[in-house]
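Participant: Predicted model and sequence follow; I will ask about them next.
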Amino acid sequence: MSDEKEILLTIRFKPEQVAELQDLGSSFRVQVHPLGEGQAIPDGLWDRVEILYALRALPEPGQAPELRWIQFHFAGVEEYLDAPILHRGNVRATSLSGANAPQVAEHALALMLGLSHNLPQMLADQGRTEWSTDRLERYAPTELIGSTVGIIGYGSIGQRLARLLQSCGVTILASRRDLLKPPQPDFQVDGEGDPNAELVARLYPGKAVRSMLKECDFAVVTVPLTAETRGMLGASQLAAMKPGAFLVDVSRGGVVDHEALVTALNKGQLAGAGLDVFPEEPLPTDSPLWEKPNVIISPHVAGLSPHYKDRAFLLFKENLRRYLAGEELLNRIDLDRGY
């Protein structure tokens, strides 16, 4: 077996970016085999890989004996938590959390404004070429200014959203899984985070979300999907929301109980909902959500950005520097926590 150590990239970065990685990790050889382009991993390469930048496929534990660190190309890793290689004991894994925070936070804000300013109804009128005769009453907005926004899950996305909301004159509440444990180091584009929750009027523990929801005119869900968060917004939580409040979900399908959500919308408990994620995707054609005039359905696109790969590169480069220096990696995945 060769003593040469390898960094394996299974997506294609720009040539100059690969060169930067090679310069940084001069003791390694950087190999590029984009699996999304149908390339196979050459025989014998897995034997030498110590660092893997993973798009989808993961090796079996015995297939990559030298592997010590896996950097995933995405933030949501729940479907990979049972992969045997992650449980071998000497393999660290990191996510791309934070690289999608700017676009997801902007998308959440767009949904908030679209709902509160009645854009679905306006677009429906536009499709009918109809100038609403009762427009002054029908389209009176719910303004952000003076409202209370609750952010469920104060990670990189929630923190970025809080920064966007600073100019809107809102009071921000937020929840975090564990208030006693300091947040782990994570990646923030341009350093625009709020790890100490300085932008938040009050920070709630994860188990007190229902109490927070009672105060909110808008609730924005940004938590990862774990055993703990699956179904965390059910009938009890939605019933606790202020009448006329809006719900925006840019987290993962399964966090919000959609049967309970439909019931809350039917009862008029909620003024509307902006949804980017769903328990079943694509959303079934017979879902009652399609017909709701106060619901914006976004087909799981909040994370899309032409800048995503460049942000992914910046995160990976920083984590590679940390790995080589023996420092703590950003976005370290905790298998027990689930993200």
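Facilitator: That came through, no problem.
Participant: Show me what the longest helix seen in the chain is packed against.
Facilitator: The longest helix of the chain (DSSP state H) is helix 308-325. In terms of contacts (3 or more C-beta pairs under 8 Å, 6 or more residues apart in numbering; DSSP states H and E), helix 308-325 is packed against helix 15-24, strand 49-54, strand 69-72. For the C-beta atoms, the positions are set from N, CA and C on the backbone; glycine is no exception.
Participant: Could you list the residues in contact with it?
Facilitator: 7, 11, 13-14, 17, 20-21, 24-25, 27, 51, 53, 69, 71, 73, 94, 96, 98-100, 102-103, 187, 189, 305, 327-331 (C-beta atoms under 8 Å, 6 or more residues apart in numbering).
Participant: so where do the strands sit in the chain?
Facilitator: 5-9, 28-32, 49-54, 69-72, 92-94, 148-152, 171-176, 202-205, 218-221, 245-249, 270-275, 295-297 (DSSP state E).
Participant: P299 is nearest to which of the helices and strands packed on helix 308-325?
Facilitator: strand 69-72 (22.5 Å; C-beta to C-beta).
Participant: Put the alpha carbons of the closest one into CSV.
Facilitator: In CSV, the C-alpha atoms belonging to strand 69-72 read as follows (Å, rounded to 0.1, in the frame of the first residue of the first chain):
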residue,chain,number,x,y,z
TRP,A,69,-12.7,13.0,8.3
ILE,A,70,-15.8,13.4,6.1
GLN,A,71,-17.0,16.8,5.0
PHE,A,72,-20.5,16.6,3.6
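Participant: Name the surrounding residues that touch it.
Facilitator: With contact meaning C-beta under 8 Å, 6+ apart, strand 69-72 is reached by 50-54, 58, 80, 85-86, 91-96, 315-316, 319, 323, 329, 333.
Participant: what do you get for stretch 276-285?
Facilitator: With C-beta under 8 Å, 6+ apart as the test, stretch 276-285 has contacts from 107, 111, 249-255, 258, 289-290, 297-302.
Participant: May I see the buried residues of that stretch?
Facilitator: Buried residues in stretch 276-285, defined by neighbour count with 16 or more other C-beta atoms under 10 Å: 276-279, 283.
Participant: what's the answer for stretch 248-268, then?
Facilitator: Residues of stretch 248-268 classed as buried by neighbour count (16+ other C-beta under 10 Å): 248-258, 260-262, 264-265.
Participant: Distance check, the closest residue in space to L8 that isn't next to it in sequence against P59.
Facilitator: Spatial nearest neighbour of L8, chain neighbours left out: V49 (4.6 Å); criterion: C-beta to C-beta, 6 or more residues apart in numbering. Taking C-beta to C-beta, to the nearest Å as the measure, V49 falls 8 Å from P59.
Participant: More neighbours: the two, which one.
Facilitator: A count of neighbours by other C-beta atoms under 10 Å puts V49 above the other of V49 and P59, at 23 against 20.
Participant: doesn't E66 make contact with that one?
Facilitator: Yes - using C-beta atoms under 8 Å, V49 is in contact with E66, at 6.3 Å.
Participant: For stretch 143-155, list every residue counted as buried.
Facilitator: Buried, per 16+ other C-beta under 10 Å, within stretch 143-155: 144, 147-155.
Participant: Among the helices and strands packed on helix 308-325, which comes closest to Q31?
Facilitator: Proximity to Q31 (C-beta to C-beta) singles out strand 49-54 among those, at 7.9 Å.
Participant: show me the contacts for Q17.
Facilitator: Per C-beta under 8 Å, 6+ apart, neighbours of Q17: 313, 317.
Participant: Now the two most distant members of the buried residues of stretch 276-285.
Facilitator: D276 and P279 (12.8 Å).
Participant: With adjacent residues omitted, what lies nearest to G36?
Facilitator: Excluding the flanking residues, the one nearest G36 by C-beta to C-beta, 6+ apart is L55, at 5.9 Å.
Participant: Tell me, how many residues neighbour that neighbour?
Facilitator: 16.
Participant: try P84
Facilitator: 11.
Participant: what's the distance between it and D47?
Facilitator: Distance, P84 to D47, using C-beta to C-beta: 17 Å.
Participant: All set now, cheers.
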